[in-house]
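Participant: coords please:
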Amino acid sequence: MIAYLEGTVLRRDEESCILLTQGGVGYQVHLTAGGLSSLPGAGDTARLFVHTLVREDALVLYGFLTWEERAAFETLIAAPKLGPRTALAMLGCYTPGELAACIAREDVASLTRVPGIGAKTAKRLLLDLKDKLVSSAPLLSGRAAPAVSAESDCAAALVSLGYGRHEVDEVVRTVFDQEPDLDAGSAIRKALKIFASK
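Facilitator: Take a look at the predicted model:
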């Protein structure tokens, strides 16, 4: 399975680019809108983390500038009836951390801003992704959180989503002061709701 590519950008269109490796092989890689706009110009070197999707009639590559985006993409496409095109569109609108926060606070309106997602689909996605994307938060940084306690797991997950250490410590303390017996997944969801309300 191809997980990483480095090569010269030959060309790009609205959905993909062609990356020429040193071995002389050109790969077509599909990217988010943000990924495409951040690519260097033709003739320059690009480095992409890749998810390889194998189908009966095709082998399709999806590229990401960060490991966090790749991990979030794989979590998204594991949900029922959520295809790679929709997953790319979601990551084109929101970072992995923003998506996790959106799902944790059950924000239907934000999801419907993604092209191709209506209110009915958004509600279904919230149900399908509620536990998956939020509980995978520690992995979105490409490393597992230390499994010392639910409190430290929660803090590590929030930091990996881009929140500052000082504010994370404060929110985590608040969450566990209110409910000391929470598991990490529930604590993350409560903490994200607190951040979303600020």
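Participant: Quick one: residues contacting L129.
Facilitator: Remark: with contacts taken as CB atoms under 8 Å, 6 or more residues apart in numbering, L129 is in contact with T75, L76, A79, I103. (Glycine included, C-beta is placed from N, CA and C.)
Participant: how about the one residue sitting closest to the centre of the chain, phi and psi?
Facilitator: Among the residues of the chain, A72 comes closest to the average C-alpha position under CA atoms, centre = their mean, at 2.8 Å. With angles defined as degrees, to the nearest 10, A72 shows backbone torsions of phi -70, psi -40.
Participant: Over to P80?
Facilitator: Here the main-chain torsion angles of P80 (degrees, to the nearest 10) amount to phi -60, psi 140.
Participant: Need the contacts of L129 in TSV (columns: secondary structure and distance to V172).
Facilitator: As requested, those are exported to TSV (DSSP: H, G, I helix; E, B strand; the rest coil; distance: CB to CB, whole Å):
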residue	secondary structure	distance to V172
T75	helix	23
L76	helix	26
A79	coil	27
I103	helix	19
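Participant: From these, list the buried ones, please.
Facilitator: Neighbour-count burial (16 or more other CB atoms under 10 Å) is assigned, among those, to T75, L76, A79, I103.
Participant: closest to I188 among those?
Facilitator: Each of these was checked against I188 using CB to CB; the closest is I103, at 11.0 Å.
Participant: pLDDT score assigned to the closest one?
Facilitator: Reported pLDDT at I103 in the predicted model: 85.
Participant: helix or strand for G185, which one?
Facilitator: Secondary structure here is read from DSSP states H and E; on that basis G185 sits in helix 184-197.
Participant: how much space is there between the residue located most distally from the centre of the chain and A78?
Facilitator: With CA atoms, centre = their mean as the measure, the chain has its most outlying C-alpha, relative to the mean C-alpha position, at G24: 30.9 Å. With distances defined as CB to CB, to the nearest Å, the gap from G24 to A78 amounts to 34 Å.
Participant: picking that back up, could you pull up phi and psi at the closest residue to the residue nearest to the centre of the chain other than its chain neighbours?
Facilitator: Nearest residue to A72 in three dimensions, chain neighbours excluded: P96, at 3.7 Å (CB to CB, 6 or more residues apart in numbering). As for P96, its main-chain torsions (degrees, to the nearest 10) stand at phi -60, psi -40.
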